[in-house]
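**Q** structure for the following, please:
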Amino acid sequence: MKADPAPTQAADPACPPGLPQVAGAGPVSHALSRVARLHRIAAGKVLKGVGLYPGQEFVMMHLWDAGPVRQSELIKAVDLDPSTVTKMLQRLEQSGHVRRRPDPADRRAVLVEASDASCGLLAQVERAWGELEGHTLAGLDEAERGELLRLLTRVETNLCTETADCPERRAEEAARERASRR
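**A** From the prediction side, this is the model:
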């Protein structure tokens, strides 16, 4: 009499096994897409603990680093749809983390800035990102972590050049735009 095969565990829909046949020509690209999606899901879980939705932390990081910026510049910096950023800003404003006000140099434009109350959020986001980093890199030693960062930086540079969507270029364009308004 044959033994029953080991019970089959239900597959996690977030982590489908194997590589789809059509992705065979791009296994690294497929893996990057899967990892990016799972990283976003994991980020969403840790950010929920600090009261943020995914993507809002990037808005706040930019505001903490840049200070007050025009809403149009913020939209370019975070590279999201304007309606998405507007909704994010509404939620962040309701929670007391950002302020919006007319730009004194151009009343048609809106300046966005992190509020003083967001300082506590900064520390929470930093801790959440540290937790995410630990979870993401669990099992990798320091050399592997350094090599992964080096390789991902190179991949980012390749894609940035291919898509002409480099943060450095956007920052340069934003600086030129600010200078032209003066």
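
**Q** contacts, neighbours, all on C-alpha from now
**A** Noted.

**Q** any idea how far Y53 is from A105?
**A** 32 Å (C-alpha to C-alpha, to the nearest Å).

**Q** comparing the two, which residue is more hemmed in?
**A** Neighbour count, other C-alpha atoms under 10 Å: between Y53 and A105, Y53 has more, with 17 against 9.

**Q** does the more buried one count as helix, strand or coil?
**A** Applying DSSP: H, G, I helix; E, B strand; the rest coil to Y53 yields a three-state assignment of coil.

**Q** please name the residues that touch it.
**A** Going by C-alpha atoms under 8 Å, 6 or more residues apart in numbering, Y53 touches G44, L47.

**Q** that one and L140, how far apart?
**A** 28 Å.

**Q** what residues sit buried inside stretch 121-141?
**A** For stretch 121-141, burial by neighbour count (16 or more other C-alpha atoms under 10 Å) applies to L121, L122, Q124, V125, A128, W129, L132.

**Q** redo the residues you listed as JSON lines? Include secondary structure.
**A** Shown next, in JSON lines, are those (three-state DSSP):
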{"residue": "L121", "secondary structure": "helix"}
{"residue": "L122", "secondary structure": "helix"}
{"residue": "Q124", "secondary structure": "helix"}
{"residue": "V125", "secondary structure": "helix"}
{"residue": "A128", "secondary structure": "helix"}
{"residue": "W129", "secondary structure": "helix"}
{"residue": "L132", "secondary structure": "helix"}
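
**Q** can you tell me which of these lies closest to P68?
**A** In terms of C-alpha to C-alpha, no member of those lies closer to P68 than L122, at 15.9 Å.

**Q** ok, that closest one to V22 distance?
**A** 42 Å.

**Q** swap in W64?
**A** 43 Å.

**Q** please apply the same query to A117.
**A** Look at A117 and V22: by C-alpha to C-alpha, they are 49 Å apart.

**Q** between the two, point out the one with more neighbours.
**A** A117 (12 against 8).

**Q** quick one, helices of this structure?
**A** With DSSP state H as the criterion, the chain has helices at 27-48, 56-66, 71-78, 82-94, 119-136, 142-163, 167-181.

**Q** do you know which of those helices lies nearest A109?
**A** helix 71-78 (7.5 Å).

**Q** who does the closest one touch, helix- and strand-wise?
**A** helix 56-66, strand 106-114, helix 167-181 (3 or more C-alpha pairs under 8 Å, 6 or more residues apart in numbering; DSSP states H and E).

**Q** neighbours of G26, how many?
**A** Neighbours of G26 under the rule other C-alpha under 10 Å: 11.

**Q** next up, phi/psi of it, please.
**A** Backbone torsions of G26, given as degrees, to the nearest 10, read phi -140, psi 60.
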